[in-house]
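Undergrad: for reference, the sequence and a predicted model appear below.
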Amino acid sequence: MIINEDLIKKVAKNARLELTENEIKKFTKECSDILDVFSKIQEVNTKNVQPSFHPIEIKNHLREDLIEDSLSQDDALKNAKHQMNGYFKGPKVI
Amino acid sequence: MKEIIKKIKDINKEYNYFNIVSEDFKNENKGKLNNLLISVKDCICVKNLESRAGSKILEGYIPVFNATVTQKLINEGAIIIGKTSQDEFGFGSFSVNTYNIPKNPFDKLRTCGGSSGGSAGITKKLSELKIEHVSIAESTGGSIACPASFCGIYGFTPSYGLVSRYGLIDYANSLDKIGVMADSLKNIKKVFDIIKGYDEKDSTSLNKELNKDDKIKKVAVIKESLNVNPEIKELILKKVKEKFGTYDIISLPLIEKYAIPVYYILAMAESSTNLAKYCGMRYGASLELKGNFDEYFTDVRTKYFGQETKRRIILGTFTRMAGYRDAYYIKAAKVRNLIIQEYKKAFKKYDLLISPTMPVIAPKFSEIEKLTPLENYMMDILTVGPNLAGLPHISCNAGFSKKEKMPIGIMYIADHLNDYKLMNEKLN
């Protein structure tokens, strides 16, 4: 497994994290060690085995499409520091 | 009640079991849990009480609703006394990856275990004071069993899907389970019976009946789990012999070899997507709005996420990236299937599988500092198996180490929906 500093930088950027030079070095070494050990799952024969995305079979539950009470606008905004005219206010998009 | 509040606050000053203690200890509802004191892990929402999942990025977040479990407890007259300290989002086995680190009730230089460390610590302390109390905790890979073992109490994790996750600040959706910690099996059952049940607000809630038969006929000890400290091994075998007379030893080789990598790959992949929602906009910590959205989100996440959280986001994002997804994420999900089958086969013959809960007693904080991240992850070797398979399990105290006088936990695992077997008096 080739984990290098460039790959860690790329992954961090995808995950919207900015790492310091020290963190890049530290994470490169640590992630490389961790993935080396984790790679041993490659030796398991999984031919014809389905992936288990849940431990127990989960069925989709459907409900009637009815109007119900939900959070009020005030409640929905209660935890937002940045807001304007009853809306969430976010950073510039364009 | 005033006296009790004072005692709880005094304990908290000394041991850091709460991120926040409730303002008043009142509930006018009457029901099956009248006036029972209940602490709730910080990652489970309690209306009007700051809920941060041990993270700086949720500083100031005050839920405007109750999690389903919280609401059910309040409806039955329970008193919510506060939010217990934990590793940030549950990322850890020692409750040290956070801003408020709980100390072991037996030795303040040692960890309570994690990630539900505060829940386990306060359960032990209030039990010593004969104050009836139950804690609602959460396990993804062992976060209930581990601290229960290190603090010498009962820690029960139900079958996946039996307790609603609505209102849980999630770690990994296919693994998270809300459970119960207490100083008696009786109270574990009492509270479990209230919080379990189908909930249409949780898309992974299980709509199935539990097996009411709690009889235990045949048990087996997991062979590979005995590669631990010899004192722990001897104590566990002695305990099993005392309780059940005869037992088999069974080998579960896939679990020992692969449960750790499979667990961490899946848990990190899921958590890295769950944590994408924290960007300083709708709730939690924020910064002055400046720069474009990418810059702003990056600034908030970089400032408020802790080191272990960043590490897991990076590993989780990597294992889901094009080119690596099949080799890691999908492969791990396939091996998970084989692990579940290995357990299922064993449960055709046995009612319970038994192992030590942890390979060690609660380590000192000075020892934990020296562990690499990988060595930290390896501590979960005995608990990740049942968690990956969504199997109900309970950690009970088996005794104490001779030299350090620290608790040692024994873990019983049952088949899906056989949760009541874990509340059988025999395990007392």
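TA: Done, it's in.
Undergrad: residue B:425 - nearest residue in space that isn't next to it in sequence?
TA: Once flanking residues are discounted, residue B:425 sits nearest to residue B:185: 7.0 Å by Cβ to Cβ, 6 or more residues apart in numbering or on different chains. Using the backbone N, CA and C atoms, a C-beta is placed for each residue, glycine as well.
Undergrad: neighbours of the residue in chain B that chain A sits nearest to, how many?
TA: Nearest residue of chain B to chain A: residue B:390, at 2.7 Å (Cβ to the nearest Cβ). By other Cβ atoms under 10 Å in any protein chain shown, the residues close to residue B:390 number 23.
Undergrad: ok, residue B:312 next?
TA: By other Cβ under 10 Å, neighbour count at residue B:312 equals 27.
Undergrad: residues from the stretch 101-250 of chain B in reach of chain A?
TA: Within the stretch 101-250 of chain B, the positions near chain A by Cβ under 8 Å from any Cβ of the partner chain are B:159-161, B:174-175, B:200, B:203-207.
Undergrad: rerun at 6 Å
TA: Proximity of the stretch 101-250 of chain B to chain A, by Cβ under 6 Å from any Cβ of the partner chain, involves residues B:160-161, B:174, B:204.
Undergrad: can you show me the helices along the chain?
TA: Reading this off chain A. A:5-14, A:21-38, A:73-77 (DSSP state H).
Undergrad: chain B is the one I meant
TA: Under the criterion DSSP H, chain B contains helices at B:2-15, B:68-75, B:117-128, B:145-151, B:185-195, B:230-244, B:253-274, B:293-304, B:307-320, B:331-347, B:365-368, B:373-378, B:384-388.
Undergrad: ranking these by burial, who's on top?
TA: helix B:145-151 (a mean of 35; mean count of other Cβ atoms under 10 Å in any protein chain shown).
Undergrad: show the end-to-end separation of stretch B:180-190, please.
TA: The first and final residues of stretch B:180-190 sit 10 Å from each other (Cα to Cα, to the nearest Å).
Undergrad: now do that stretch: distance to the chain's middle.
TA: Its chain's C-alpha centre and that of stretch B:180-190 lie 15 Å apart, by Cα atoms, centre = their mean, to the nearest Å.
Undergrad: try stretch B:20-33
TA: 23 Å.
Undergrad: repeat for stretch B:156-174
TA: Counting by Cα atoms, centre = their mean, stretch B:156-174 comes out at 10 Å from the chain centroid.
Undergrad: who touches it?
TA: A:53-56, B:43-45, B:53, B:67-68, B:89-90, B:139-140, B:144, B:176-180, B:188, B:195-196, B:199, B:201-202, B:204-206, B:267, B:270-271, B:274, B:390, B:392-394, B:416-417, B:419 (Cβ atoms under 6 Å, 6 or more residues apart in numbering or on different chains).
Undergrad: of those residues, buried ones?
TA: When the contacts of stretch B:156-174 are checked for burial by 16 or more other Cβ atoms under 10 Å in any protein chain shown, the buried set is A:54-56, B:43-45, B:53, B:67-68, B:89-90, B:139-140, B:144, B:176-180, B:188, B:195-196, B:199, B:202, B:204-206, B:267, B:270-271, B:274, B:390, B:392-394, B:416-417, B:419.
Undergrad: who in chain A is up against chain B?
TA: So far as Cβ under 6 Å from any Cβ goes, chain A lies against chain B at A:11-12, A:14-18, A:27, A:30-31, A:33-34, A:38, A:41, A:44, A:46, A:49, A:51-56, A:58, A:75, A:78-82, A:88, A:90-93.
Undergrad: show the buried residues in those residues.
TA: A:11-12, A:15-17, A:27, A:30-31, A:33-34, A:38, A:41, A:44, A:46, A:49, A:52, A:54-56, A:58, A:78-82, A:90-91.
Undergrad: what about stretch A:85-94, how long is it end to end?
TA: 21 Å.
Undergrad: before we move on, what about stretch B:370-387?
TA: End to end - Cα to Cα - stretch B:370-387 spans 27 Å.
Undergrad: mind checking the pLDDT average for that stretch?
TA: In this model, stretch B:370-387 has an average pLDDT of 96.
Undergrad: ok, now stretch A:56-63?
TA: pLDDT averaged over stretch A:56-63 gives 81.
Undergrad: CA atoms only for it - export them in PDB, please.
TA: What follows is stretch A:56-63, C-alpha atoms only, in PDB (Å, rounded to 0.1, in the frame of the first residue of the first chain):
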ATOM      1  CA  ILE A  56     -29.700  -8.000  10.500                       C
ATOM      2  CA  GLU A  57     -32.000  -8.000   7.400                       C
ATOM      3  CA  ILE A  58     -33.700  -4.700   7.400                       C
ATOM      4  CA  LYS A  59     -36.800  -4.100   5.400                       C
ATOM      5  CA  ASN A  60     -37.800  -0.700   4.000                       C
ATOM      6  CA  HIS A  61     -40.700   0.700   5.900                       C
ATOM      7  CA  LEU A  62     -43.100   2.800   3.800                       C
ATOM      8  CA  ARG A  63     -45.600   5.100   5.300                       C
END
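Undergrad: buried stuff in that stretch?
TA: For stretch A:56-63, by 16+ other Cβ under 10 Å, it's A:56, A:58.
Undergrad: distance from the chain centre to that stretch, please.
TA: Using Cα atoms, centre = their mean, the offset of stretch A:56-63 from its chain centre is 23 Å.
Undergrad: which residues touch that stretch?
TA: By Cβ under 6 Å, 6+ apart, stretch A:56-63 touches B:160-161, B:204, B:390, B:416.
Undergrad: do stretch B:215-229 as well
TA: B:233, B:240, B:244, B:247-252, B:256, B:350-356, B:359, B:382, B:421, B:424, B:426.
Undergrad: same check, this time on stretch B:106-122
TA: Contacts of stretch B:106-122 (Cβ under 6 Å, 6+ apart): B:15, B:17, B:39, B:41, B:84-87, B:90, B:92-95, B:102, B:104-105, B:135, B:137, B:143-144, B:146-148, B:150-151, B:181, B:362, B:364, B:406.
Undergrad: what average pLDDT does that stretch get?
TA: 98.
Undergrad: show me what contacts the spatially closest residue to residue B:31 that is not a sequence neighbour?
TA: Using Cβ to Cβ, 6+ apart and skipping the chain neighbours, the partner closest in space to residue B:31 is residue B:76 (3.4 Å). Counting by Cβ under 6 Å, 6+ apart, residue B:76 touches B:31-33, B:194.
Undergrad: find the closest residue to chain B in chain A.
TA: Residue of chain A nearest chain B, by Cβ to the nearest Cβ: residue A:55 (2.7 Å).
Undergrad: could you check how far that residue is from residue B:333?
TA: 11 Å (Cβ to Cβ, to the nearest Å).
Undergrad: what about the closest residue to residue A:79 other than its chain neighbours, neighbour count?
TA: Ranked by Cβ to Cβ, 6+ apart and with sequence neighbours excluded, the top spatial neighbour of residue A:79 is residue B:283, at 3.6 Å. Close neighbours of residue B:283, defined as other Cβ under 10 Å, add up to 22.
Undergrad: next, give phi and psi for residue B:283.
TA: phi -160, psi 170 (degrees, to the nearest 10).
Undergrad: what pLDDT does it get?
TA: 96.
Undergrad: now the spatially most central residue of chain A: phi and psi?
TA: In chain A, the residue lying closest to the centroid (Cα atoms, centre = their mean) is residue A:15, at 7.7 Å. Per-residue torsions, residue A:15: phi -90, psi 10 (degrees, to the nearest 10).
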